[in-house]
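> the amino acid sequence is not available; the structure is as follows:
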């Protein structure tokens, strides 16, 4: 019994010591080593370390209990150690296999980093349908197994470190087993492809450099390490690509208005990648950036297209060219005649033979009083609803719209224009129903007053202001050669190159001789009377539009003021205009009014020459002269339909010869266009008539500016003239043209 009790106690003590050793080993970091001896397990203490010696056919089993003391499982350390040995063998084989492919650990890690970088930027880490061996390696890496092989061996050694307690050892071993299982799968696939990998190693590494992986099913092809979406379809192309899959080329041919197109490749990021520097997606082309899209005026870009427009004109059928106010000439001019015997006769007249597009007529006018002495004013245009008192300084004082133009016939105290008066070109706006509204004989006192408008052309296109937009520009000054900057007229675009205006003057002395010029800036101060315009050296510039208020020694005085009608004149580059007034004034207050009724832009066929290209034409005449081939200056381009000329006439002081000049396309007409003959004959008298007053009609003592005249040219580019009709002396008479522009 004692022996039995002793054995029982011995076994009990040994068991307790074993359990204590296990616990102490876990706590104190004691190592356990099994030795290959055929004997019962022995507990040995050496140098403070407790060892459990077991035979090779014996096991060390750790019993695991939960917190309530209930048994959970046995953990056989020997089995676990054997498993670790197997896994280490597998890893060792992997190392040998990779080394046999001549891939150093350093190179492999570098390429794996490139793959990891690409995976991090990819849309997803979803596996591809058929993963290659390298793709599987990517999956392994995406599961945080991104260490080198040597690092994995160190991790395994750390995982089986017996310094951990039993729970930690179990968890670590499970994790290592799981990771090694992934490696086993890799090894199986690598083993299958080992021979191909050796042959295609350069391609594999090249794919890795691009952040791609090698696709063994498509030789010489790298693919993204994730699911690749097709590249998006091209927009604005003539035809879609046949394929938009990875690595497919496509040539994009752009629709009109888009560019540049070119050849592309669908890259790994599902983006079309240009294969040449000149290639570009079919984006909208801003046609307006190149030569303004070919537009004459405004070019507006839109997606895939563009549009031309003409804010100050009309877009022509070609879709690019513009037309603004254009002057055209009639092959068969005709007369509109008016007669009145009372004050302020208002009415309207139809203008025949005009196209529907006409907005104004171009006419030469002649007035006459059957008694040879009545001072009256006429108005013509689109509205005669205005005050009938339009002489003295009323135009300046009323400062309002007085029809589109006013014309004065001098008489009474202003000395009679006994033989009538021809004033040349007038631009007369017409109503929409092709009528001219008029007010006749304003100021009438005696006999019959007649007016003839010889219509030889017309205007079409935008450029005539509405009657509500018309404004007056006035100046009153007692100085001489007074420069005035009127700026930009209201409702006139800054692109304007010319202006249409009707002019009126009045002198507070009722007897002062002076001239006014309107148009571009004119800084020069030169004499504008006597025969200076004819005799001046070179080709002087006197201004663009000039008119004369008669007075002083001139027998003919503009006693009641003067209205000269409507003329075109050039404007400054910004659409503004200037004036020089009171040229030759005697210090009394002179009043000048310019009523602006229209404008010209660069799209008009009426053009003005630069100031330094203005050229003179001049004639010194001692008898009636007909010329059939007057050649314009060389500054006028070939193909011009007319010239724009500022006309000045002069006869030596003291000689009062009354003469009439005609200019235009046909001088073959009768030679006495004065008194009532123009009205009575009612026929074509060249295109314009100009009167230089003299004889019983007084005289233009200092010479006279007749405003801007439009003279049509014949087909050969020349014009005809019939000069000094009615001349009664052999003394010279001078006619000077300042050729300012032309009509195309």
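Arrived safely, thanks for sending. Keep in mind the model is a prediction, meaning the values are calculated, not measured.

> next, count neighbours for residue 561.
As a burial measure, residue 561 scores 25 neighbours (other Cβ atoms under 10 Å). (C-beta placed from N, C-alpha, C; glycine too.)

> surely it meets residue 389?
No: the criterion here is Cβ atoms under 8 Å, and residue 561 misses it with residue 389 at 11.6 Å.

> count the residues that sit near residue 729.
Neighbour count for residue 729, taken as other Cβ under 10 Å: 16.

> show me where the stretch 201-350 of the chain has its strands.
All strands of the stretch 201-350 of the chain, identified by DSSP state E, counting those that start in this stretch, fall at 213-214, 222-223, 249-252, 258-266, 272-274, 280-284, 298-302, 305-309, 314-315, 322-323, 326-340, 345-350.

> in a markdown table, list the ones you listed along with mean neighbour count and mean pLDDT.
A markdown table is the format used below for these (neighbours: other Cβ atoms under 10 Å; pLDDT from 0 to 100):
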| stretch | mean neighbour count | mean pLDDT |
| --- | --- | --- |
| strand 213-214 | 26 | 74 |
| strand 222-223 | 20 | 74 |
| strand 249-252 | 18 | 86 |
| strand 258-266 | 19 | 86 |
| strand 272-274 | 18 | 84 |
| strand 280-284 | 17 | 84 |
| strand 298-302 | 15 | 94 |
| strand 305-309 | 17 | 94 |
| strand 314-315 | 17 | 89 |
| strand 322-323 | 20 | 90 |
| strand 326-340 | 17 | 96 |
| strand 345-350 | 15 | 96 |
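
> can I get the ones you listed in a markdown table including distance to residue 365?
Formatted as a markdown table, the strands of the stretch 201-350 of the chain follow (distance: least, Cβ to Cβ, whole Å):
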| stretch | distance to residue 365 |
| --- | --- |
| strand 213-214 | 94 |
| strand 222-223 | 90 |
| strand 249-252 | 67 |
| strand 258-266 | 59 |
| strand 272-274 | 71 |
| strand 280-284 | 56 |
| strand 298-302 | 38 |
| strand 305-309 | 38 |
| strand 314-315 | 29 |
| strand 322-323 | 28 |
| strand 326-340 | 10 |
| strand 345-350 | 14 |
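
> of all the ones you listed, which lies closest to residue 514?
Smallest distance to residue 514 across those (Cβ to Cβ): 30.5 Å, for strand 326-340.

> run through who's touching that closest one.
Under the contact criterion Cβ atoms under 8 Å, 6 or more residues apart in numbering, strand 326-340 has outside partners 349, 351-353, 362-363, 378, 436, 438, 440-441, 444, 448-461, 604-606, 641-642, 679, 682-684, 687, 710, 712, 743.

> among those residues, name the buried ones.
349, 351, 362-363, 378, 436, 438, 440-441, 444, 448-461, 604-606, 641-642, 679, 684, 687, 710, 712, 743 (16 or more other Cβ atoms under 10 Å).

> which of these fall in strands?
Judged by DSSP state E, those include 349, 362-363, 378, 436, 438, 440-441, 449-460, 606, 642, 710, 712, 743 as members of strands.

> buried residues, stretch 727-739. List them.
Buried, per 16+ other Cβ under 10 Å, within stretch 727-739: 727, 729, 732, 733, 734, 735, 736, 737, 738, 739.

> give me the distance between the two termini of that stretch.
Separation of the first and last residues of stretch 727-739 by Cα to Cα, to the nearest Å is 25 Å.

> check the offset of that stretch from the chain's centre.
Counting by Cα atoms, centre = their mean, to the nearest Å, stretch 727-739 is centred 53 Å from the centre of its parent chain.

> now do stretch 687-699
Worked out by Cα atoms, centre = their mean, stretch 687-699 lies 54 Å from the chain centre.

> just the buried residues of stretch 727-739: which has the poorest pLDDT?
pLDDT across the buried residues of stretch 727-739 is lowest for residue 729, at 83.

> give me every residue that touches that residue.
By Cβ under 8 Å, 6+ apart, residue 729 lies in contact with 655, 657.

> any idea how far it lies from residue 282?
Using Cβ to Cβ, to the nearest Å, we find residue 729 at a distance of 82 Å from residue 282.

> and what of residue 398?
64 Å.

> before we move on, what about residue 570?
With Cβ to Cβ as the criterion, residue 570 and residue 282 are 48 Å apart.

> same check, this time on residue 473
Following Cβ to Cβ, the distance that separates residue 473 from residue 282 is 54 Å.

> again, but for residue 694
For residue 694, the distance to residue 282 - Cβ to Cβ - is 77 Å.

> with residue 69 instead?
Distance from residue 69 to residue 282, by Cβ to Cβ: 78 Å.

> restricted to strands, list the buried residues of stretch 727-739.
Secondary structure from DSSP E places 733, 734, 735, 736, 737, 738, 739 of the buried residues of stretch 727-739 in strands.

> check contacts around the third one.
Translated: residue 735. Applying Cβ under 8 Å, 6+ apart to residue 735 gives the contacts 618, 619, 621, 647, 648, 649, 661, 723.

> make a PyMOL selection of the buried ones in those residues.
For anyone working in PyMOL, the buried entries among the contacts of residue 735, judged by 16+ other Cβ under 10 Å, can be selected with:
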select buried, resi 619+621+647+648+649+661+723
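
> okay if I get the contacts of residue 735 as CSV plus pLDDT and distance to residue 670?
Output for the contacts of residue 735, formatted as CSV (pLDDT from 0 to 100; distance: Cβ to Cβ, whole Å):
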residue, pLDDT, distance to residue 670
618, 95, 26
619, 96, 21
621, 93, 19
647, 96, 22
648, 95, 26
649, 95, 21
661, 96, 14
723, 96, 15
